[in-house]
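# Sequence plus the predicted model coming up.
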Amino acid sequence: MFFRIKREQLFDLGLFLAAALVLCAFAIFNGYPLVYSDTGTYIHSGWINEVPNDRPIIYGLFIRHISLAESLWFVVAAQALITAYVLRKFVQLFIHSKKQQNIVFVTTCILLAIGTGISQKCSNLLPDFMTANLALLSILFLFHRQMSKADWIFCVVLFLFATTAHTSHLLIAVLSVSFLIIVRLFSKELQQHLPRKRFVGIFVLLFSCWLLSGITNWLYTDEFTASKKTSIFLTGRLADSGLLDEYLLENCPEKQYNLCEWAGQFRTVDFLWDFNNSPLYKTGGWDNADYSNLLSDFYTNPKYLGKYISFACGATLKQICASGLRVESENFQQRENTPPYALVHWRYKHELKQYMAARQQNGTLSYEWVNSIQWFYIITSIVFFTLVVLYRKWRIKLKTFFGPVIFIMVFVLMNATVCASFSIVNTRYGSRTIWLIPLAAILMIAYLLITHKRNTSTASERGNI
């Protein structure tokens, strides 16, 4: 008996590691972990213990310590293992047979790795891999009732990491959970299966995440804040939208903002990153610029608040459509004289040869085939969801999926809204959550097949009797 149990555990571990390896496929195909321009900032912040102006330090510390100062491959492996763990727990939420769990889990990982951006996110040295994981962890906290104490604790740790690794994550989670509360008010199904105490618990956890972000910044900067330079980012987005020019041209005759001198010129420069021409660097830069009064006046002006909401809605639609993988916006070449190259040279010099030999740095990386499959997945998923709504028998069988699927759809929408409204429209942001839609469809189809097989077997047994 002991040998049999041990063998089963080894088999489960082998499947789990195989699934994690599949999730590393893009890094393996590339020949080295994928990098983005921000990767250099993350590595640098983690190694010098300094909070960057434009992002949290948590992911930088993650890279430093997970890499063991030896290899960035360890970071990719950790990201894949975390994602595989969360996916496994998510599968267990709906599939209860151990054998069926293994089959569905591995099949799901393979299908997602082949035709979505999940492997690219696990292979990329960015905190984006935790965005979709944050959605799945939220669903586990709201709907799962059979996890062990150890699993609960580990999921809490992952949730804390997810919400503090990227500035947008906490807001996306808060908005998504809040929207689900509103849906629950009108759904008897959710009221029966989702008790209020679950929402209380997750909001306590979200508050703890905000507190942790503030404490982390305070430990490194002596300033208790969840995000260091929020006003600069918001001003940058207004500059990109053209609304800042319009507002300043109308109001500067009366109000003396420090940006009035450049009214009408913001669409011609990159407010955040044009170091030579941007007004940001002529009004104090990242360390001293403060546009809080300007933002307060803008957002309390009904006319411009309405214009901003209209702009945000349009940008959100664009972001939802921009959910494919693009080398040009995510994994373009980062050779000499780029931050990722400089930081790999500084801390992981023994891997520099691998870094330069990778497909990304040679310009031979392509995501076209993945995008084709992903759009097929998404269209098929939407058609399937429509059939579920129309076909009552399926709707009844899949009622346990109702809450989680609603949350996934809301989370994808909130991710697009937050990123498009406060940052930019970028395929990087859309592709980090869009794979949740085919994930839901795959599990629902698997559940239907399993229940159909079980019902057929039961009917056959009764016929033999």
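Received the coordinates, thanks. Residues are numbered from 1 along each chain as shown.

# C-alpha only now, for contacts and for neighbours.
Noted.

# Now do the least confident helix or strand in the chain by mean pLDDT: everything it contacts.
Taking all helices and strands of the chain together, the one with the lowest average confidence (mean pLDDT, DSSP states H and E) is helix 285-288, at a mean of 77. The contact list for helix 285-288, computed with CA atoms under 8 Å, 6 or more residues apart in numbering, reads Asn53, Lys229, Ile232, Leu280.

# helices or strands next to whatever helix or strand comes next after it in the packing?
Note on helix 285-288: by DSSP states H and E, the next helix or strand toward the C-terminus is helix 292-299. Taking 3 or more CA pairs under 8 Å, 6 or more residues apart in numbering; DSSP states H and E as contact, the helices and strands that helix 292-299 lies on are helix 230-241, helix 302-321.

# Can I get those helices in TSV including distance to His144, mean pLDDT and mean neighbour count?
Formatted as TSV, the entries for the helices and strands packed on helix 292-299 read as follows, by distance: least, CA to CA, whole Å; pLDDT from 0 to 100; neighbours: other CA atoms under 10 Å:
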stretch	distance to His144	mean pLDDT	mean neighbour count
helix 230-241	35	88	20
helix 302-321	29	95	16
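
# Report the separation between the two terminal residues of stretch 218-236.
With CA to CA, to the nearest Å as the measure, the first residue of stretch 218-236 is 25 Å from its last.

# Spell out which residues make up each domain of this protein.
Per automatic domain parsing, the domain ranges recorded for the chain read 2-222+332-422+429-464, 230-300.

# re the thing from before, which of the contacts of helix 285-288 ranks first by neighbour count?
Comparing the contacts of helix 285-288 on neighbour count, Leu280 comes out first with 24 neighbours (neighbours: other CA atoms under 10 Å).

# now the contacts of helix 285-288 as CSV including distance to Leu23?
Output for those, formatted as CSV (distance: CA to CA, whole Å):
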residue, distance to Leu23
Asn53, 31
Lys229, 34
Ile232, 36
Leu280, 40
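
# And the furthest pair within these?
Across these, no pair lies farther apart than Asn53 and Leu280, at 13.1 Å, counting by CA to CA.

# Now render the helices and strands packed on helix 292-299 as JSON lines, adding distance to Pro253.
As requested, those are exported to JSON lines (distance: least, CA to CA, whole Å):
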{"stretch": "helix 230-241", "distance to Pro253": "19"}
{"stretch": "helix 302-321", "distance to Pro253": "17"}
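
# Of those helices, give the one that comes closest to Ile95.
Counting by CA to CA, and looking across all of the helices and strands packed on helix 292-299, nearest comes helix 302-321 at 29.9 Å.

# Quick check: what element follows the closest one along the chain?
Using DSSP H and E, the helix or strand that directly follows helix 302-321 along the chain is helix 339-347.

# Which residues does that following helix contact?
For helix 339-347, the external contacting residues (CA under 8 Å, 6+ apart) are 35-41, 43-44, 69, 334-336, 351-352.

# Buried ones from those residues, can you make that a PyMOL selection?
Selecting the buried subset of the contacts of helix 339-347 in PyMOL, with 16 or more other CA atoms under 10 Å as the burial test, is done by:
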select buried, resi 35+36+37+39+40+41+43+44+334+351+352
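
# Thr83: which of the contacts of helix 339-347 is nearest?
Of all these, the one with the least separation from Thr83 (CA to CA) is Val35, at 18.5 Å.

# pLDDT wise, what is that closest one at?
As predicted, Val35 sits at a pLDDT of 97.

# got it, and Phe11?
Phe11 is assigned 88 on the pLDDT scale.

# Point to the residue nearest the middle of the protein.
Among the residues of the chain, the one closest to the centroid is Thr131, at 1.8 Å (CA atoms, centre = their mean).

# and it, backbone torsions?
Dihedral pair for Thr131: phi -60, psi -60, per degrees, to the nearest 10.

# Asn124 now?
Asn124 has phi and psi values of phi -90, psi 140 when expressed as degrees, to the nearest 10.

# measure stretch 27-36 end to end?
First residue to last in stretch 27-36 (CA to CA) measures 13 Å.

# Distance from that stretch to the middle of the chain?
Here the centre of mass of C-alpha atoms in stretch 27-36, compared against the chain's by CA atoms, centre = their mean, to the nearest Å, lies 19 Å away.

# for stretch 369-384, same thing?
With CA atoms, centre = their mean as the basis, the distance from the averaged C-alpha position of stretch 369-384 to the chain average is 19 Å.

# now what about it, what contacts it?
When contacts are defined by CA under 8 Å, 6+ apart, stretch 369-384 is touched by residues Ile114, Gly115, Thr116, Gly117, Gly324, Leu325, Trp435, Ile437, Pro438, Ala441.

# With respect to Phe407, which of these is nearest?
Phe407 has its nearest neighbour among the contacts of stretch 369-384 in Ile437, at 10.7 Å by CA to CA.

# The closest one is in contact with Ile408, isn't it?
Yes: using CA atoms under 8 Å as the test, Ile437 is close enough to Ile408 to be in contact (7.1 Å).

# And those two? Which one has more around it.
Residue environment comparison for Ile437 versus Ile408 gives the larger neighbour count to Ile408, 23 against 19, counting by other CA under 10 Å.

# element containing the more buried one?
With secondary structure defined by DSSP H and E, Ile408 is part of helix 402-422.

# and the closest residue to Leu175 other than its chain neighbours, how many neighbours does it have?
Beyond its immediate neighbours in the sequence, the residue positioned closest to Leu175 (CA to CA, 6 or more residues apart in numbering) is Met414, lying 6.8 Å away. By the measure other CA under 10 Å, the count of residues near Met414 is 21.

# gap between Met414 and Leu190?
For Met414, the distance to Leu190 under the criterion CA to CA works out to 20 Å.

# that older thread, just the CA trace of the least confident helix or strand of the chain, in PDB.
As requested, the backbone C-alpha atoms of helix 285-288 are provided in PDB (Å, rounded to 0.1, in the frame of the first residue of the first chain):
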ATOM      1  CA  GLY A 285      11.000  65.200 -13.100                       C
ATOM      2  CA  TRP A 286      10.000  62.000 -11.500                       C
ATOM      3  CA  ASP A 287      11.400  63.000  -8.100                       C
ATOM      4  CA  ASN A 288       9.800  66.400  -7.600                       C
END
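
# Backbone dihedrals for His166, both of them.
The main-chain torsion angles of His166 are listed as degrees, to the nearest 10 and equal phi -140, psi 140.

# Which pLDDT value belongs to it?
The predicted local confidence for His166 is 93.

# is it true that it touches Pro56?
Yes: contact status for His166 versus Pro56: in contact at 6.4 Å, counting by CA under 8 Å.

# Which one of these two is surrounded by more residues?
The residue with more neighbours, out of His166 and Pro56, is Pro56; 23 against 20, by other CA under 10 Å.

# Tell me who's in contact with Cys419.
Contacts for Cys419 (CA under 8 Å, 6+ apart) come out as Ser168, Val425, Tyr429.

# what's the answer for Asp128, then?
Taking CA under 8 Å, 6+ apart as the criterion, Asp128 is in contact with Lys121, His166, Tyr429, Arg432.

# so how far is the helix or strand hosting Gly14 from its chain's centroid?
Element membership of Gly14, judged by DSSP H and E, is helix 2-23. Shown here is helix 2-23, whose average C-alpha point lies 27 Å from the average C-alpha point of the whole chain (CA atoms, centre = their mean).
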